[in-house]
Structure formats: C-alpha cells, structure tokens
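Asks: pasted the sequence and its predicted model underneath.
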Amino acid sequence: QVQLVESGGGLVQAGGSLRLSCGASGMTFSYYVFGWFRQAPGKERDFVASISWSSGTTDYADSAKGRFTISRDNAKNTVFLQMNSLKPEDTAVYFCACKIRSGYPWSYWGQGTQVTVSS
C-alpha cells in the first residue's frame, strides 16, 4: 500500500514561492500517477497538477499553468510542486495523491499541508 507524506507548506506573502514535497513509500508498480490537489475552506477539493511516474508526462489545472511546476525524483521517491507568483486565492490545504495508473481513481492520499498566502 502506498503511503504519502507531504511537507513544505507555510505562510508566504503574495508573489512569493513555496515548494511542496511528497514522499512516497510502498510503491510496487511502474505506472503510478501522482497528483496535487488543494482544498480551501468551504470549497471542494480541486485538481492542481499531475505527473506520470514512468514517463514524466504532466498535466495542470488552468489556475496552475505558468506558475506551478510538478516534478519527481525517482531515486528519492519524491514528487514536488514548485509554486511561484503565489496569490491569496492559492491559500488552501494541499494534498498529494496517487493512483496506480492513468484512468484509475485516486486511491492514496497524504494528510495535507497548509499553504497560506497573505496579501
């Protein structure tokens, strides 16, 4: 069973940057897809970005394009989300997620890390 642990959240001023990390353990397949989601208070959990573990193919929500970059370090079993030009509306709990391959549901979730962007 895959276990995910996020880190790197915090408080940052608008226009600043943060890098989130997601450490994964228990991986037994080659075609995992990892994703980042976020949930603001009173709102639904929204997709932010995803990356294929094997090919590195990425996908982004429109709100993340041009500002956020998802990447992975296969040797360290870690996925990153580099967030630049942060806005107050990016404030949310950010969750790392994993599924065994494209087209399958997101089955594994981390505990989340808080990102707060002040204006």
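Replies: Cool, the structure landed.
Asks: so the most centrally placed residue in the chain: helix, strand or coil?
Replies: Compute the mean C-alpha point of the chain, and by C-alpha atoms, centre = their mean the closest residue is Trp36, 2.5 Å away. Per DSSP: H, G, I helix; E, B strand; the rest coil, the local secondary structure of Trp36 is strand.
Asks: for burial, what's the neighbour tally of the residue nearest to it when sequence neighbours are not counted?
Replies: In space, and not counting its chain neighbours, Trp36 is closest to Val48: 4.3 Å by C-beta to C-beta, 6 or more residues apart in numbering. All C-beta atoms are positioned from the backbone trio N, CA, C, and that covers glycine. Residues contacting Val48 under the criterion other C-beta atoms under 10 Å number 24.
Asks: and Val48, what does it touch?
Replies: Gly35, Trp36, Phe37, Arg38, Tyr60, Ala61, Ser63, Ala64, Phe68, Leu81, Tyr94 (C-beta atoms under 8 Å, 6 or more residues apart in numbering).
Asks: where does the chain dip in pLDDT?
Replies: For the chain, not a single residue meets the criterion pLDDT under 70.
Asks: gap between Gln114 and Gly56?
Replies: In this view, Gln114 and Gly56 are 28 Å apart by C-beta to C-beta, to the nearest Å.
Asks: same question for Ser17.
Replies: In this structure, Ser17 and Gly56 are 22 Å apart, going by C-beta to C-beta.
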